[in-house]
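>>> okay, here's the prediction I keep looking at, along with the sequence it came from:
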Amino acid sequence: MHDERQKHVDLVDHVVNTGEILCTMLPGDYRHVIHQQTGTLRQECDQLFTSVMASQRQLEVSLVEWTSYIDRLSQIEEWLAKMRTLVNDDLPLVGSLQEKKAQLQTFKVILPVIFYTAK
């Protein structure tokens with residue numbers, strides 16, 4: 001990006017220098033217009049590159065944030081897959097109180113594991 005900026009700065013300098021040479025051959029009213037326009041050109045070029053550099057920095061920050069988001073999403077997906085295997089979605093319906101108590105006991109054992117791994 002720095003090389004591109006330098007190339008355009010050199011081009012603007014060339015235009016300004018050409019304008020200065022042209023000013024020596026023109027009456028005063030035209031000189032004023034050329035000075036004004038070359039100054040505006042230099043200012044707009046500087047503003048453009050300042051804006052481009054700010055956009056580039058913001059894109060780099062956004063890329064880092066996006067990469068971090070993808071990493072965290074992957075970790076959450078892995079955790080969720082582990083929890084799905086730990087907590088069986090297809091619990092059979094049981095009829096007796098003893099079987100229901102056994103299922104409840106299983107979940108009481110699993111619950112701390114879920115909370116611990118969620119941190």
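Cool, the structure landed. Residues are numbered from 1 along each chain as shown.
>>> quick check: which ranges of this structure have low pLDDT?
Low-confidence segments of the chain (pLDDT under 70): 1-2, 89-90, 118-119.
>>> which SSE is the one residue sitting closest to the centre of it in?
Centroid-nearest residue in the chain: residue 62, 1.0 Å away (criterion: C-alpha atoms, centre = their mean). Secondary structure assignment for residue 62, by DSSP states H and E: helix 28-86.
>>> and the residue nearest to the centre of the chain, how far is that from residue 69?
Going from residue 62 to residue 69 by C-beta to C-beta, to the nearest Å gives 10 Å. The way it works is simple: take the backbone N, C-alpha and C, and place the C-beta from them, glycine included.
>>> picking up where we left off before, residues contacting the residue nearest to the centre of the chain?
Counting by C-beta atoms under 8 Å, 6 or more residues apart in numbering, residue 62 makes contact with nothing.
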